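>>> Quick one, fold the following:
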Amino acid sequence: MKYQQLAQQILQGVGGRENIASLVHCATRLRFRLKSVALANTASLKKNPAIITIVESGGQYQVVIGNQVGEVYQALLSEGGLSEGEQTTAAPASQSLFNRFIDIVSGIFTPFLGVMAASGVLKGLLALALATKLLQEQSGSYRILFVASDALFYFFPIVLGYCAGKKFGGNPFTAMAIGAALVHPQMLEAFNQAQHGQAALSFFGVPVVLINYASSVIPILLAAWLASLLEKTVNPRLPDAVRNFVTPLLCLAVVVPLSFLAIGPVATWLSQQLADGYLWIYALSPLFAGLFLGGFWQVFVIFGLHWGLVPLMINNLSIHGQDFMAPLLFAAVMGQSGATLGVLLRTRDRRLKGIAASAFSATIFGITEPAVYGVTLPNRRPFIFGCIGGALGAGLIGFYQASAYSFGLASIFTVFQSVPKTGIDITVYAVLAGALLAMIFAAVATFFFGLAPRQQPEAAAAEAAPKEAPRKLTENIVLNSPLGGKVVPLEQVADETFASGLLGKGVGIVPDCGRVISPVDGHVASLFRTGHAIGLIADNGVELLIHVGLDTVKLNGRHFTAYVAQDQPVRRGDLLIEFDLPALREAGYDLTTPVIVSNSDDYLDVLPVSEQEQVAENDALLTLIV
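Below is the predicted model of the structure:
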């Protein structure tokens, strides 16, 4: 029932079922593609205690849930009347080429990421069993478990064909059939015969370049894309009575031969070049590669850029049977794990300690979002120490050129996936040592230097000075002004939504200068795309909305410049927004700027500091009665 309720809240927050173009999920995130992001209520979703944070990246609106994302996803399908998997709605042409690439890659690989990681872990455990003589390679037990771990990768073109067909807006079963043709036993037999010098195949006199497409990635992606284009061209021109079988017939008859004659060989050559290119770059300096990827991997994850590297990792395994990237990423994960452990051991804030304890256990298994968004990133320094620790650990792993021999999420299981068939060697010990270095450095640095004194709870001060006078039952929080100008009562603001207090209590300010500064230490909770309004959450829990002028959203960002980004930490006095005051006046806009305490219900009252008519930047503006 709780998942159904959360699903209803998320549906409402993203603008309703009608605003959803597509929905998939990965290990911790619901990944929406919305028809209009402006209809989403990001601030409301971020306030939901069951949601870790909201991330907008790669053309996706990502709702970070945590380990329960699968259950929430199923509840969303039920509540929203959505079908399983990606909806067949093309990415908007307005997206940048890079964002469309990230959207395509994540949409194709996300649905089976879990089983792909599980298969990789099983492969790693089997390699460890062989190395320790627990199993023999010719035993029935090993062979059955091996096919369980290898089946997905062996028949990769079939699985990728289905997902790519859906993502490209074609018939997924047609694309799946094309993928199956690439790994059909007759074609594999012809490939083996060609390897032994027997006659090669030809297609109406055109020789076929025979390649083993098992575990391949790029050939089926290109073939599925071509099939979707052909389908979209043919379908509108066919009568409804024959469309259902004639279109797939044409796709199979055209694309399958093309795949063997041209698409496959060209794509395989491209795959080889990508894999060799990565190895060439890596060989220039494995140490530098480790420092770079270990230090910046979590930054890539935050912005969704890591999806661009997932196909490269799989391609390395397909072409060379090993991947140098995964062990480096393991160190990056352990760096955030260590930083979270440091916060857990240091803080006396019960709420933060509880979040850190749960997040730490998740990071061991490669799920870093709860740790990053709930613990390290909000406190800034722990996140930085985690990245530095990841760089140091990955640098050590890179120096010894450790590899992974099966695909999986960067987690404790990466150690098993790094065991070669020849047995445990120095590279495996390097992976362990690098992960421990990353974790220990980040934990120690965070414990001693990660939490600023202001982040330590008052309980610590009370313990240090037990004879202090008891606290008053109520205390005042004074909120400073984010801009200078004339103060007007909120009820006199010429907008009923603000004047009625529905959004919270506060005041209006008619600005005399074109800038807004942060009146608190905290972070940016929401930043409107047009730059005319911003939401802040202070470290002491005050939630603030600053809305420059009335109806200024209609300007679509003209005359506004934002100097901060979503989720960015801010300090009191930091410049948030600049706006062209004369231009706004000339355009005839009411410049009265509501300054609202959004969570006014959490306080006994919110009152103007005095009856002053004029206020300067950083002057006392509001008093919050606790």
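>>> any weak-confidence spans in the stretch 401-550 of the chain?
Applying pLDDT under 70 to the stretch 401-550 of the chain flags residues 452-475.
>>> how about the strands in it?
476-480, 485-489, 505-511, 515-517, 522-527, 533-538, 543-547 (DSSP state E, counting those that start in this stretch).
>>> who wins for proximity to Phe109 among these?
Among the strands of the stretch 401-550 of the chain, strand 522-527 comes nearest to Phe109, with 29.7 Å by CB to CB. Where C-beta positions appear, they are placed from N, C-alpha and C, glycine not excepted.
>>> strand partners of the closest one, parallel vs antiparallel please.
strand 533-538 (antiparallel), strand 569-570 (antiparallel) (DSSP bridges).
>>> Val159 falls within a helix, correct?
Yes: counting by DSSP: H, G, I helix; E, B strand; the rest coil, Val159 is part of a helix.
>>> on that earlier part again, can you tell which of the strands of the stretch 401-550 of the chain is closest to Leu113?
Nearest of those (CB to CB): strand 522-527, 29.1 Å.
>>> what comes up buried for the closest one?
Buried residues in strand 522-527, counted by 16 or more other CB atoms under 10 Å: Gly522, His523, Val524, Ala525, Ser526, Leu527.
>>> Could you dump the strands paired with strand 522-527 into TSV and include distance to Arg351?
Shown next, in TSV, are those (distance: least, CB to CB, whole Å):
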stretch	distance to Arg351
strand 533-538	14
strand 569-570	19
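>>> Just say which of the ones you listed is most tucked in.
strand 533-538 (a mean of 22; mean count of other CB atoms under 10 Å).
>>> what sits against the residue nearest to Val254 when sequence neighbours are not counted?
Sequence neighbours aside, Leu230 is the residue nearest to Val254 in space, at 6.3 Å (criterion: CB to CB, 6 or more residues apart in numbering). Leu230 makes contact with Leu250, Cys251, Val254, Val255, according to CB atoms under 8 Å, 6 or more residues apart in numbering.
>>> with those residues in mind, which one is nearest to Pro157?
Val255 (12.6 Å).
>>> How about the secondary structure of the closest one?
Going by three-state DSSP: Val255 is helix.
>>> Relative to Glu189, how far out is the residue nearest to Val254?
Here the criterion is CB to CB, to the nearest Å. By it, Leu230 lies 28 Å from Glu189.
>>> start to end distance for stretch 582-594?
19 Å (CA to CA, to the nearest Å).
>>> Domain-wise, how is this protein divided?
Segmentation of the chain into domains, based on automatic domain parsing, reads 2-89, 155-284, 286-452, 476-625.
>>> Quick check: chain neighbours aside, which residue is closest to Val255?
Ala227 (4.8 Å).
>>> contacting residues for the one you found?
Gly165, Phe168, Gly170, Asn171, Thr174, Ala175, Ile178, Cys251, Val255.
>>> Could you report the separation of it from Ser259?
From Ala227 to Ser259 the distance is 9 Å (CB to CB).
>>> Gln614: neighbouring residues, count only.
Per other CB atoms under 10 Å, the neighbour tally for Gln614 reads 12.
>>> ok, Gly338 - contacts?
Neighbouring residues of Gly338 by CB under 8 Å, 6+ apart: Phe385, Gly386, Gly389, Ala438, Met439, Ile440, Phe441, Ala442, Ala443, Thr446.
>>> neighbour-wise, which of those residues leads?
Gly386 (37 neighbours).
>>> My guess is that residue contacts Ala331. True?
No: using CB atoms under 8 Å, Gly386 is not in contact with Ala331; the gap is 10.5 Å.
>>> so where's the stretch 101-250 of the chain uncertain?
For the stretch 101-250 of the chain (pLDDT under 70), the answer is 102-103, 199.
>>> Alright, I will stop here.
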